[in-house]
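Colleague: have a look; sequence and predicted model below, questions after that.
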Amino acid sequence: MISIEHVSRRFGDGPDAVVALDDVSIEVPRGSIFGVVGQSGAGKSTLLRTVNALERPDSGRVVVDGVDVTSLRGKALLKERHKIGMVFQHFNLVGNRTVVQNVEFALEAVGTPRAQRRPKALEMLELVGLAHRADDRPGQLSGGQRQRVGIARALASGPDVLLSDEATSALDPETTRSILELIQRLSRELGLTVLLITHEMDVVKRICDAAALMETGRVIEQGSLDELIRTPGSKVAAELFPVGEAHYIPNHRIIDVTYTGLSADRPVIAQLSRDLGLEVSILGAALETIRGHQAGRTRLAVPGDASVALKVIDTLTAQGVTAWEVNGREVTA
Ligand SMILES: Nc1ncnc2c1ncn2[C@@H]1O[C@H](COP(=O)(O)OP(=O)(O)OP(=O)(O)O)[C@@H](O)[C@H]1O
């Protein structure tokens, strides 16, 4: 488990100071995958570096599997770092060494006896499906294969926690999918706790159990994906389900309806029109498979006033879906 508790970090002083982390608290349960998203400069990398103690917070602390990493120094810190694997966007492999030697380096760093290094490194490569390329050099591999080596190296010391810094950002969509599937499989098989930072919502959608959105050093939203999807006004949900702008339509109310799990298969909108005798217009809809389950959002316009909107929301809620009114934005021609 990773527990980030009220962590703040500022760079510089005076008017030029940058608050990279501002009272950030995040909890990642053991064995789960947590995604941190946000624009460039939001503080994501600083947060990740704080978790493996490459960066020290000005205040707050980070506890990894019961150990306060922020208070560690010297040998104790090095030892703790071995329990934290790290995967990088640009793989960070040594070009003039073979694939297996790259993994062996990680084992050497944690003091694995020489005789045990090669068999262990090959075992790691087997885990990521690359044992047959052990004697190639990284330059002979595709980007996806290089990242598999990066993952094998990160896992060589037997960590409980894997930190991923934009691990798929340099990869094409198909390779991204296979790397995400690998991370997910390893998390399940090895009980790894994964904290990943990304600017791609697709990554969150595919493998994360929960996510946080950061803006200028602060966490402005966080929760399980299900919670976020059902939260009115959630920016994460809006990016996962792009249904467009909520434009104001005279004499209509705009309502967002969110479906998760079983409700995604039911014709709730058709039933709504029938039950209330309303001419419901669909302004936008997005359906996604989130962690293997269908989920979706539909933006509706219903004719009438606030009392009609309430009735619609009540009717939808009674059917087990989440619905709320959206304030329409007036469109001027
Ligand atoms: N060592 C440093 N010295 C000064 N400022 C820093 C340092 N590291 C980060 N910052 C600043 O802190 C803020 C957060 O940076 P950080 O790299 O954590 O953001 P990020 O969300 O990871 O962005 P990106 O996606 O571009 O990597 C930025 O304004 C950055 O310029």
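Modeller: Looks like it arrived, so ask away. Residues are numbered from 1 along each chain as shown.

Colleague: so residue 84 sits against residue 50, correct?
Modeller: No - with the criterion set as CB atoms under 8 Å, residue 84 and residue 50 do not qualify as a contacting pair; they are 11.6 Å apart. C-betas here are computed from N, CA, C, even on glycine.

Colleague: what residues does the stretch 51-200 of the chain put near the ligand?
Modeller: When proximity is defined by CB under 6 Å from any ligand atom, the stretch 51-200 of the chain lies next to the ligand nowhere.

Colleague: all strands of the stretch 51-200 of the chain, in order?
Modeller: The residue ranges that make up the strands of the stretch 51-200 of the chain, judged by DSSP state E, counting those that start in this stretch, are 59-64, 67-68, 84-88, 161-165, 193-198.

Colleague: I'd like those as TSV, with mean pLDDT and mean neighbour count appended.
Modeller: Formatted as TSV, the strands of the stretch 51-200 of the chain follow (pLDDT from 0 to 100; neighbours: other CB atoms under 10 Å):
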stretch	mean pLDDT	mean neighbour count
strand 59-64	97	19
strand 67-68	94	14
strand 84-88	94	22
strand 161-165	96	23
strand 193-198	96	25
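
Colleague: longest helix in the chain, please.
Modeller: Counting by DSSP state H, the longest helix found in the chain is helix 173-190.

Colleague: and it, what does it pack against?
Modeller: Helices and strands touching helix 173-190, as assessed by 3 or more CB pairs under 8 Å, 6 or more residues apart in numbering; DSSP states H and E, comprise strand 33-38, helix 143-155, strand 161-165, strand 193-198, helix 201-207.

Colleague: could you rerun that using 7 Å?
Modeller: Other helices and strands packing on helix 173-190, by 3 or more CB pairs under 7 Å, 6 or more residues apart in numbering; DSSP states H and E, are helix 143-155, helix 201-207.

Colleague: looking at the ones you listed, which is buried most?
Modeller: For the helices and strands packed on helix 173-190, the largest average neighbour count (mean count of other CB atoms under 10 Å) is found in helix 143-155, namely a mean of 24.

Colleague: what's that one in contact with?
Modeller: Judged by CB atoms under 7 Å, 6 or more residues apart in numbering, the contacts made with helix 143-155 from elsewhere in the structure are 85-88, 91-93, 99, 102-103, 106, 124-125, 127-130, 133, 138, 141, 162, 167, 170-171, 175, 178-179, 182, 186.

Colleague: how far is the longest helix of the chain from where the chain is centred?
Modeller: Helix 173-190 sits 13 Å away from the centroid of its parent chain (CA atoms, centre = their mean, to the nearest Å).

Colleague: distance to residue 256 added to the strands of the stretch 51-200 of the chain, as CSV?
Modeller: What follows is those, written out as CSV (distance: least, CB to CB, whole Å):
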stretch, distance to residue 256
strand 59-64, 35
strand 67-68, 42
strand 84-88, 36
strand 161-165, 32
strand 193-198, 25
